[in-house]
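Novice: sequence and predicted structure, then a few things I'm wondering about:
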There are 2 protein chains.
Amino acid sequence: MITAELTTPFTLEEIGRLANASRSTVSRVINGQSGVSGETRDRILQVIAQTGYQPNAAARSLAARRSHVLGLVIPLAVHFLFADPYFPRLIQGISQACNRHDYTLSLYLFQTADEERSIYPRVLRTGFVDGVILSSTQLDDPLIPQLVENQVPFVVVGRPSNAPKAHYVDVENSEGAFAAATHLVRLGYQRIATITGPLNAVAGMDRLEGYTRALQERGRELDPTLIVSGDFTEAGGYTAMCQLLPHQPDAVFAASDIMAAGALRAIREAGLTVPQDMALVGYDDMNPASLSDLPLTTVRQPIRQLGMQAVEMLIDVLRNGLTPPRRLILPTDLVIRSSCGAMQ
Amino acid sequence: MITAELTTPFTLEEIGRLANASRSTVSRVINGQSGVSGETRDRILQVIAQTGYQPNAAARSLAARRSHVLGLVIPLAVHFLFADPYFPRLIQGISQACNRHDYTLSLYLFQTADEERSIYPRVLRTGFVDGVILSSTQLDDPLIPQLVENQVPFVVVGRPSNAPKAHYVDVENSEGAFAAATHLVRLGYQRIATITGPLNAVAGMDRLEGYTRALQERGRELDPTLIVSGDFTEAGGYTAMCQLLPHQPDAVFAASDIMAAGALRAIREAGLTVPQDMALVGYDDMNPASLSDLPLTTVRQPIRQLGMQAVEMLIDVLRNGLTPPRRLILPTDLVIRSSCGAMQ
DNA sequence: GTGAAAGCGCTAACAG
DNA sequence: CTGTTAGCGCTTTCAC
């Protein structure tokens, strides 16, 4: 292995000299362009292999005007959100797809609005990223207009409420909730409650919509006392369930498994048993450890897929232009276990 | 607000022209260097504010030979590891510190050894990152020698077993386990078992060491049948507990809360109750939802702090050079709740 | 205190 | 098919 002086890595020029070719020809080989004779190419590739040469990223970005870096932006990355396994899985999917396509992933977590304001210009205006994946959790995300204004290509994970033309990937939130609630109706439960997600989040709204649609299609009256809003936390699920108990539901659809865990705690404290006294259905199919002794019926979302597809979509946009708007909705699955009482 | 032509952002040169100064002077102002008159500085700052100018990241890196990007490398980022809230918290801490210091974070998750081999040259040799934070989970991590060889400054999260001179941050794994086991001894339990972490991980080894040391210092014989190795998963904790039950322990120290959750499931299936029939202590103080109805005595680790300190340390190395080796061990806390039987 | 000029290492016309 | 050349937008000497 030919080794460069310890402190200075090789440059294109030097590789060229070693391979008896010009800098441009080496560049062509590295970028897989045609128009280089097989012989020359082989010679150059050999030198590259021997030297372990890797082109300088900064110089490359500067000259080519693209960085091969994708940014993942997660606003409001407050602690409790990260207790949920949603983001880890999403990040894994995104990372895997980036690896596959030779993109580097850079991660922007904003915990406060201040942080958001001060960091965002760096994301948008320095040309550091070629494009952005925005995991939007809130309704009317203020970052979307800024991305548009600065002409940064972006894909949203989760349907954005305020940007009809934005590219996005999402799961069938409404359909998943619909399936869950319908399942409870079919099992004969009479007082089916729901603990919703935060209603300032599109996913929260969509899942509530699925629940109400399921009940209405089956001719059930909606009882407002059986609809309590939660916040995707365990504590929120517990509190919500405490509010529901006096109204004597016989089944509960929680819009996330974490909230289902909280609900379960409340149910047990009230001396009731799932599913004998109360059916329970969740949403996410997250870590089974959280409900270690209760096999939870739940709606499974393909979160890693969601992440991978977001990357694929963004790369497509980068290659083929901003129009037309892309959208992709991934299906959800109702996973029936014993907590809904169907297995008895 | 003065606006540049839509497609081309401002350059230093243009800002200079607008502010009646040279490119170099503007550069000095932006980089906070002295030697610019207050008047000129003000004029330039005003133009920058008006234009919303942000320097081009690639050009900057190329000229300055530093990117202001830190890489976070997580090898073996397989699914089950991400079910644990450890990495999300670590990432949050790292991200927060990066935001504070105006560094950009780029994330490298490797799921397979192949991925590792193909992506690593990009991390190391393109000059894309100024330094690397390596979250080493395995004994003798093969990436460490490569980082050394390529002269990439790096900090390891978790004590590296094969690099005595490496900079690292860690928690008092052994001391935490020692405190947990000692607590069980003091409470009078006679047959104290442990479910260890993976013994090819430094943290797993260290926690086992703390357990054995605690028992030995209190004059207890070590019973090999009461030591079963797990893998930091719920399923692993369950299996390990099933192996322990025939040997009738009266207390169990699980080297992670996730494994404690699995152990709890096994204990309950055997018709036993915690803490009446069996004391249980965990490690991590992770998401309480996982053991929703059992307040778990556990060892709390300051994981976010760990991440933040890793960044601080790396920036220190970047600024002040590779020597001397830095190391920082953060304390752990024994959090006593009811699962150990101390509250009765 | 300020400006001119020389790169940083690469890509991408443009010649040949 | 190959090489020459002109930048990409910034930092950093070096003069003044």
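Specialist: Nice, thanks for sending it over. Keep in mind that what you see is a predicted model, and the values were worked out from it rather than measured.

Novice: nearest residue to the closest residue to DNA strand C within the stretch 151-300 of chain A other than its sequence neighbours?
Specialist: As assessed by C-beta to the nearest atom of the strand, DNA strand C sits closest to residue A:153 within the stretch 151-300 of chain A, at 17.0 Å. Heads up, the C-betas are built off the backbone N, CA and C, glycines and all. The spatial neighbour of residue A:153 that comes closest, neighbours along the chain excluded (C-beta to C-beta, 6 or more residues apart in numbering or on different chains), is residue A:131 at 4.1 Å.

Novice: count the neighbours of that neighbour for me.
Specialist: 22 (other C-beta atoms under 10 Å in any protein chain shown).

Novice: check residue A:275 too.
Specialist: By other C-beta under 10 Å, the burial measure for residue A:275, its neighbour count, is 23.

Novice: for it, list the residues it contacts.
Specialist: A:338, A:339, A:340, A:341, A:344 (C-beta atoms under 8 Å, 6 or more residues apart in numbering or on different chains).

Novice: picking up where we left off before, wait, the residue of the stretch 151-300 of chain A closest to DNA strand C sits on residue A:322?
Specialist: Yes - taking contacts as C-beta atoms under 8 Å, residue A:153 lies within contact range of residue A:322: 6.6 Å.

Novice: how close does residue A:105 sit to residue A:19?
Specialist: Counting by C-beta to C-beta, to the nearest Å, the gap from residue A:105 to residue A:19 is 32 Å.

Novice: now the residue nearest to residue A:153. Its backbone dihedrals?
Specialist: Dihedral pair for residue A:131: phi -170, psi 170, per degrees, to the nearest 10.

Novice: residue A:279 now?
Specialist: Given degrees, to the nearest 10, the pair of backbone angles that residue A:279 has is phi -80, psi 150.

Novice: report the separation between residue A:243 and DNA strand D.
Specialist: 55 Å (C-beta to the nearest atom of the strand, to the nearest Å).

Novice: ok, now residue A:69?
Specialist: In terms of C-beta to the nearest atom of the strand, residue A:69 sits 16 Å off from DNA strand D.

Novice: could you report the neighbour count for that residue?
Specialist: 23.

Novice: contacting residues around it?
Specialist: Taking C-beta under 8 Å, 6+ apart as the test, what residue A:69 contacts is A:103, A:104, A:105, A:106, A:128, A:129, A:130, B:106.

Novice: for it, name its beta-bridge partners.
Specialist: On the basis of DSSP bridges, residue A:69 is bridged to residue A:104.

Novice: quick one on the thing from earlier: next, count neighbours for the residue of the stretch 151-300 of chain A closest to DNA strand C.
Specialist: By other C-beta under 10 Å, neighbour count at residue A:153 equals 17.

Novice: check contacts around it.
Specialist: A:130, A:131, A:132, A:314, A:317, A:318, A:322.

Novice: restricted to buried residues, select those residues in PyMOL.
Specialist: To isolate the buried ones among the contacts of residue A:153 in PyMOL, judged by 16 or more other C-beta atoms under 10 Å in any protein chain shown, type:
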select buried, chain A and resi 130+131+132+314+317+318
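
Novice: right, I'll call it a day here.
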